[in-house]
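# quick one: sequence and predicted model below, then my questions.
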Amino acid sequence: MTAKTTDGKEFFRSEKIYMPQSDMSRGDKRMVYGAHRKMGILRDTSLQPNLTKIETFDIVVPYKDVEKDGKKVREYPKEILIEVALWYLPAGKRGEVGKDQFLFFKEERKVVFK
């Protein structure tokens, strides 16, 4: 997820990973990839079919302190652009689009402050 000002300057970026987090068990609590190495589930943050997942992001909007009529006033942007993208990364890392990573969903919205 990214947030940008209308002139294209990015001021917020966040990523969340949805997957079962497994370890090798037997006293080794490091997270591992690959079904042949997974022995136990530490926690499951994967996206489940037919279940709605709601996420919350706290975005700090940039501002400028300016002086108007002899007083300091904080000015915020009138609008920002929010982009959300849901990618599938089979190997757990970014790579070539269409081979190592696949875009499932993408939406852009303009948020107007009044």
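Received it, and whenever you're ready, just let me know what you need. Not measured: the values here are computed from a predicted model.
# what distance do you get for the residue nearest the centre of the chain to Phe57?
For the chain, the residue nearest the mean C-alpha position is Glu15 (2.8 Å; CA atoms, centre = their mean). In this view, Glu15 and Phe57 are 11 Å apart by CB to CB, to the nearest Å. (Each C-beta comes from the backbone N, C-alpha and C, glycine too.)
# helix or strand with the lowest mean pLDDT in this structure?
Within the chain, no helix or strand scores below strand 28-32, which has a mean of 63 by mean pLDDT, DSSP states H and E.
# if we can go back for a sec, what about the residue nearest to the centre of the chain, which helix or strand?
Assigned by DSSP states H and E, Glu15 belongs to neither a helix nor a strand.
# quick one, what contacts it?
Met1 (CB atoms under 8 Å, 6 or more residues apart in numbering).
# give me phi/psi at it?
When read as degrees, to the nearest 10, the backbone of Glu15 gives phi -130, psi 150.
# over to Phe12?
According to degrees, to the nearest 10, Phe12 has phi -150, psi 140.
# tally up the residues packed near it, please.
Neighbours of Phe12 under the rule other CB atoms under 10 Å: 16.
# strands along the chain, start to end?
Ranges of strands in the chain, per DSSP state E, are 2-5, 10-13, 20-25, 28-32, 40-44, 64-68, 71-75, 79-88, 102-112.
# ok, back up a step: common neighbours of Glu15 and Phe57, please.
In contact with both Glu15 and Phe57: Met1, using CB under 8 Å, 6+ apart.
# roughly how far apart are Lys78 and Phe11?
For Lys78 relative to Phe11 (CB to CB), the value is 15 Å.
# for those two, indicate the residue with more neighbours.
Using other CB under 10 Å as the criterion, Lys78 and Phe11 rank with Phe11 on top: 14 against 11.
# mind checking pLDDT for that one?
Per-residue confidence at Phe11 stands at 96 (pLDDT).
# how near is it to Tyr63?
On the measure of CB to CB, Phe11 and Tyr63 end up 10 Å apart.
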